[in-house]
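**Student:** Here is my input, please return the structure:
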Amino acid sequence: MPFDTKETVIVIPSLELTGTTTIDVFAENLTDHHLYSLNFQWAVGQQEVKNDNVRLFPNPTTGTIYLYGAAHATVYIYNGLGNMVSSIENFTGNTLNLSSLSKGVYLMKIEKSDHSVLQKKITIL
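**Tutor:** Take a look at the predicted model:
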């Protein structure tokens, strides 16, 4: 959300992590604008899983996500500012209720019992 309520913000999300998100902020006159790019990368030192068996759907979601292949993992949800907004230790179900979160793009970090780490981008509508 812009600081000035008369500004318009357009966010073009990256389709995958790693990827680039573009944010275009328009002034009140809808002509002047500034374009920002954010690059998402894997954190250094985390083991990236190339062929994971974790399935997550639907994405985008309106609140409930089905998560398979993450038994006994720790699941973290981060907002766009990098703040952790939710965490679940020893995940044993197959659904996550995210309806309490605001609409937007979040990063889900799944730390599996074998110490591998997966990151998935999720969008809440």
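
**Student:** Against Tyr36, how distant is the most far-flung residue of the chain relative to its centre?
**Tutor:** Taking CA atoms, centre = their mean, the residue of the chain most remote from its mean C-alpha position is Asn29, at 31.4 Å. Asn29 sits 19 Å away from Tyr36, going by CB to CB, to the nearest Å. (Each C-beta comes from the backbone N, C-alpha and C, glycine too.)

**Student:** The residue farthest from the centre of the chain in helix, strand or coil?
**Tutor:** Using DSSP: H, G, I helix; E, B strand; the rest coil, the structure places Asn29 in coil.

**Student:** Can I get stretch 115-125 in PDB? Just the C-alpha atoms.
**Tutor:** Output of stretch 115-125 as PDB, limited to C-alpha atoms (Å, rounded to 0.1, in the frame of the first residue of the first chain):
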ATOM      1  CA  HIS A 115      17.100 -30.900   7.100                       C
ATOM      2  CA  SER A 116      16.400 -30.000   3.400                       C
ATOM      3  CA  VAL A 117      14.600 -26.700   2.900                       C
ATOM      4  CA  LEU A 118      12.000 -25.900   0.300                       C
ATOM      5  CA  GLN A 119      10.600 -22.400  -0.500                       C
ATOM      6  CA  LYS A 120       7.300 -21.900  -2.200                       C
ATOM      7  CA  LYS A 121       5.700 -18.600  -3.200                       C
ATOM      8  CA  ILE A 122       2.000 -18.500  -2.300                       C
ATOM      9  CA  THR A 123      -0.600 -15.900  -3.200                       C
ATOM     10  CA  ILE A 124      -3.700 -15.200  -1.100                       C
ATOM     11  CA  LEU A 125      -6.600 -13.600  -2.900                       C
END
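
**Student:** Quick one: mean pLDDT over that stretch.
**Tutor:** The average pLDDT within stretch 115-125 is 88.

**Student:** One more: stretch 21-39?
**Tutor:** Mean predicted lDDT for stretch 21-39 stands at 77.
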